[in-house]
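> model the following, please.
(one chain, ligands or ions: 3)
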Amino acid sequence: MGGRPILTPGLSRLPAAAISAVVMAVLLGLSAWLAGELRKSGRVAEQVRLQQLVDYMQADLVGDIGKKIRDRQRAAASLGRNGLEPQPADFSMIALTLQQTGFYRAVAGLDLDLRIAWLENPGRVELTRGERYPVGAGFAERMEGLIEQTGLAIDRPLPLADGDRAVSWFQPLTLDDERIGYLVTVFAIADALESFIPEQFRRELDIVVRSGDQVLKPVGGELPAELDQWPGHFLLDIDGDGSGFDVHARFSDQATRVAGTQLPALVLMSGSISSILLALALFLGLRNANYVRELEGGNQRLQEEAESRRQAESELAFLIGHDRLTGLPNRSGSISHLDGLIGSCDQAVGELAVLLIDLDRFQDINDSLGHELGDELLRQVPERIRDVLAADDFLGRQGGDEFIVICRREERAAAERLGEAIIHALDRGFMVDDNQIFVSASIGIAFVDAQMSTSEALIQNADTALFKAKTAGRSRCSVFACDMLQRVQHRLSMSHDIRRGVDNGDFRVVYQPIVDTITMDLRGFEALLRWDHEDGRVISPAEFIPVAEETGSIGRLGEFVLRRGLADLAQWHARFEQAPWLAVNVSAVQLQQPAFLSTLKRVLGEHQLPPAQVHLEITEEVLIRHERGHHGSLNELKSLGVQIVVDDFGVGYSALSYLKDFPVSVVKIDRSFVRDIVASREDQAITRTICRLAGDLGMTSVAEGVEHPEQMRLLQTFGCTYTQGFLLARPMERRDIESLLDGARPWSAVLSE
Ligand code: C2E
Ligand code: MG
Ligand code: MG
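Residues are numbered from 1 along each chain as shown. Ligands and ions are numbered 1, 2, ... in the order given. Now for the predicted structure:
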């Protein structure tokens, strides 16, 4: 422009002040317009991204729900074969499914009149055997039509006790091609969506799921007033009846803040302070150019939108078979690959193996380091696994922390060696954002054989073997064998019996005295559980506690011991002067349950007991294994005033000095050291050191399993504070305790023998 202002002759004659005022106004207007344009295009980009996320979410949900439907169809087909009276093995499998799929709250079999013929109901839905299943008005009439169309009918949402709502899935049960009833699965909606909708979406989006005016997720939420204006929406119509759940989404405030840009505000500011002449030149020069730019801009945005749409579509196609986090084939990708290999098995040589790899205690890593580092670890794990795979081995991610390898080897032993190699490869530790993380993995292996023809069954078997590897102590491989299913079933039926036993009052608590090693005065008791099984056996806690821990009934058992034990302790405190303490065993699973702390507080308060008279015994192994996760809960317990006892000390080979980092006040030396203490100099040295160091650290020591007077004499010379064992007394019934509290000392003569 050669430095010459472009002025029209009319304008050049106006006074300078007027020109400046006009120019300033124009400049401000222009800046506001530019800022507005920027905001608009920001909104378009946000819209496109939201649409992408909603598309992915819909694909995920439809895929996951489809899988569950097929799963229930298989269950219905197999249950139908036994009519309306499932076999014990069927019940075991139903219980396993309910346990593994937290959002299935109940499963029932109905006859053709919708009367409940059998019921498995751990989620405590209000259902009663023999009664008609509660369906919505008009549903019974519509049901057949729906089942005919899609094989599935879904009844309206019902409220559950915990505030969630559940739908009932009805699928036909047939015997010899004849309809005999229905399989109903009660499905907690918010719980299921929580597990179906990946974390990433939940972080970025506000998601509301509704059915009509009922808000299903978030649980107990209200219908937001402007929900219809939320930009993301789709209808999840599972049974094809034209209605279903409306899923609404918008970016959460946090996501909007992160994505938001300060640019428009900056433009507005800098626009107002730019030079008047430049603004004037811009005004005049760009008056026409603006139209052109706007048109061009519009064109470009359209192109960008089309391009990002194309990209989203191709990403969607990829995502259906792949996992977003690792880029590996996902569960459905893995199944199609396996289907292909099984189909061509007849011509192929060698053994086809499926290895299911599950990281041990990954949840602890996630909880302590956060999900982002957990995700990063999950990205690194496949690289390690790949290091030991052959070029045509297949690697996929099943979901969560579970990976799958499908490989062909000349012999089975080679596939087992591959499993070991994977465990070693993962053993080395990972660097994640400056944190060194150690993970171990457990692996279940299953091979294709003549009877095993479907991918699902093969993966199921590998899963059973994986369960075995986990329960055998983790960080190991286990190969599927037919008897494993029986063992899993045995555990499941025991878990059933435990629950029934608790309901029937078949558990009782016995008390074993703990005495002062020198004065032999009674100081405390350990509460120990006993199970009088209805078949007449007394089952040892060593047998049922691990099953109760695995299957979740430990919470109720633990609460029972706590209530019974503390009620007895309160009575003893009320009636006797020299009141003892009570030691209660607490398992790792209980420690992780937030309810444990509140129950303990409540029971202590109910009985007005001094907390220091309650000792909680936690095994050394648990203390070491969950070092990080338990620190918080141990400190909370300690601050209540209860004493923490480390039980079975010494077997974990941890240094005693390590204990000073925990709020521990009593060390209980493991029975195995006491057993050979008379003959083994080594055990003597270990026990003596533990007693001395415990004293130095301000803790007391207890020796358990003392059976002979010589053991007791040695413990006296070692300075062990307290002793417990059959030599002094066996675990006793409540009614036999009172004479001890009255002053009787049946053990007073044991050392004079
Ligand atoms: P623990 O906590 O180490 O309990 C001591 C075990 O040693 C008890 O076995 C007791 O009967 C046994 N014992 C005591 N004195 C002697 C002795 O002189 N010689 C021998 N050979 N054994 C002796 P019990 O009652 O069978 O309990 C076994 C384990 O089951 C307990 O080991 C504890 O870990 C667990 N347990 C018992 N009750 C509970 C409970 O209420 N909750 C939890 N979580 N675990 C429990
Ligand atoms: Mg104990
Ligand atoms: Mg012990």
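> ok, which residues in the stretch 551-700 of the chain are in contact with ligand 3?
Counting by CB under 5 Å from the ion, the residues of the stretch 551-700 of the chain lying close to ligand 3 are 647, 648. Where you see a C-beta, it was placed from the backbone N, CA and C, and this is true even at glycine.
> please enumerate the helices of the stretch 551-700 of the chain.
For the stretch 551-700 of the chain, helices defined by DSSP state H, counting those that start in this stretch occupy the ranges 554-575, 588-592, 594-607, 620-625, 627-640, 671-675, 681-696.
> export these as TSV, with columns for mean pLDDT and mean neighbour count.
Converted to TSV, the helices of the stretch 551-700 of the chain look like this (pLDDT from 0 to 100; neighbours: other CB atoms under 10 Å):
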stretch	mean pLDDT	mean neighbour count
helix 554-575	95	19
helix 588-592	83	19
helix 594-607	92	15
helix 620-625	73	19
helix 627-640	73	16
helix 671-675	93	19
helix 681-696	91	17
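> so which of these comes closest to residue 443?
helix 620-625 (19.8 Å; CB to CB).
> so where's the stretch 301-450 of the chain uncertain?
Along the stretch 301-450 of the chain, segments meeting pLDDT under 70 span 302, 305-306, 308-320, 345-348, 450.
> can you show me the strands along it?
If DSSP state E, counting those that start in this stretch is used as the criterion, the strands of the stretch 301-450 of the chain fall at 351-359, 394-399, 402-409, 430-432, 435-437, 441-447.
> the stretch 151-300 of the chain too?
Per DSSP E, counting those that start in this stretch, the stretch 151-300 of the chain carries strands over the ranges 153-154, 158-159, 165-175, 178-188, 205-211, 214-217, 232-236, 245-251.
> ranking those strands by burial, who's on top?
Burial of these is given as mean neighbour count (mean count of other CB atoms under 10 Å); strand 153-154 ranks first at a mean of 24.
> quick one: residue 456 and residue 73 touch, right?
No: with contact defined as CB atoms under 8 Å, residue 456 does not reach residue 73; the gap is 11.5 Å.
> secondary structure element holding the closest residue to ligand 1 within the stretch 51-200 of the chain?
Nearest residue of the stretch 51-200 of the chain to ligand 1 (CB to the nearest ligand atom) works out as residue 99 at 19.7 Å. Per DSSP states H and E, residue 99 falls inside helix 88-100.
> just residue 527 next, same as before
Using DSSP H and E, the element containing residue 527 is strand 522-532.
> not counting that strand itself, show me its contacts.
For strand 522-532, the surrounding residues in contact (CB atoms under 8 Å, 6 or more residues apart in numbering) are 498, 501, 506-516, 538-539, 541, 544-545, 557, 561, 564-565, 578, 580-585, 615, 617, 722, 724, 731, 737, 740-741, 745.
> what about residue 701, neighbour count?
Using other CB atoms under 10 Å, residue 701 has 24 other residues around it.
> that one - that's part of a strand, no?
Yes: Residue 701 sits within a strand when classified using DSSP: H, G, I helix; E, B strand; the rest coil.
> thinking it is in contact with residue 694, fair?
Yes: with contact defined as CB under 8 Å, residue 701 reaches residue 694; the gap is 4.4 Å.
> CSV for the strands of the stretch 301-450 of the chain, including distance to residue 194 and mean neighbour count?
What follows is the strands of the stretch 301-450 of the chain, written out as CSV (distance: least, CB to CB, whole Å; neighbours: other CB atoms under 10 Å):
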stretch, distance to residue 194, mean neighbour count
strand 351-359, 21, 23
strand 394-399, 14, 20
strand 402-409, 18, 22
strand 430-432, 26, 16
strand 435-437, 26, 13
strand 441-447, 26, 25
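> ok, which of the ones you listed comes nearest residue 488?
Nearest of the strands of the stretch 301-450 of the chain (CB to CB): strand 441-447, 11.7 Å.
> who does the closest one touch, helix- and strand-wise?
Contact partners of strand 441-447 among helices and strands, from 3 or more CB pairs under 8 Å, 6 or more residues apart in numbering; DSSP states H and E: strand 351-359, helix 412-427, helix 455-471, strand 477-479.
> residue 109: which of the ones you listed is closest?
For these, proximity to residue 109 was assessed by CB to CB; helix 455-471 is nearest, at 21.7 Å.
> okay, now the domains of this structure?
Domain assignment for the chain, taken from automatic domain parsing, gives 48-254, 331-480, 512-530+552-741.
> can I get the ones you listed in JSON lines with distance to ligand 2?
Listed next are the domains of the chain as JSON lines, based on distance: least, CB to the ion, whole Å:
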{"stretch": "domain 48-254", "distance to ligand 2": "28"}
{"stretch": "domain 331-480", "distance to ligand 2": "20"}
{"stretch": "domain 512-530+552-741", "distance to ligand 2": "4"}
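> of all those domains, which lies closest to residue 751?
domain 512-530+552-741 (5.3 Å).
> ok, and does that closest one reach over to ligand 1?
Yes: using CB under 6 Å from any ligand atom, domain 512-530+552-741 reaches ligand 1 at 512, 528-529, 558, 561, 585-587, 617, 647-648, 704-707, 724-726, 731.
> next, count neighbours for the nearest residue to the residue of the stretch 51-200 of the chain closest to ligand 1 once chain neighbours are set aside.
Residue nearest to residue 99 in three dimensions, not counting chain neighbours: residue 551, with 6.6 Å by CB to CB, 6 or more residues apart in numbering. Around residue 551 there are 20 other residues, counting by other CB under 10 Å.
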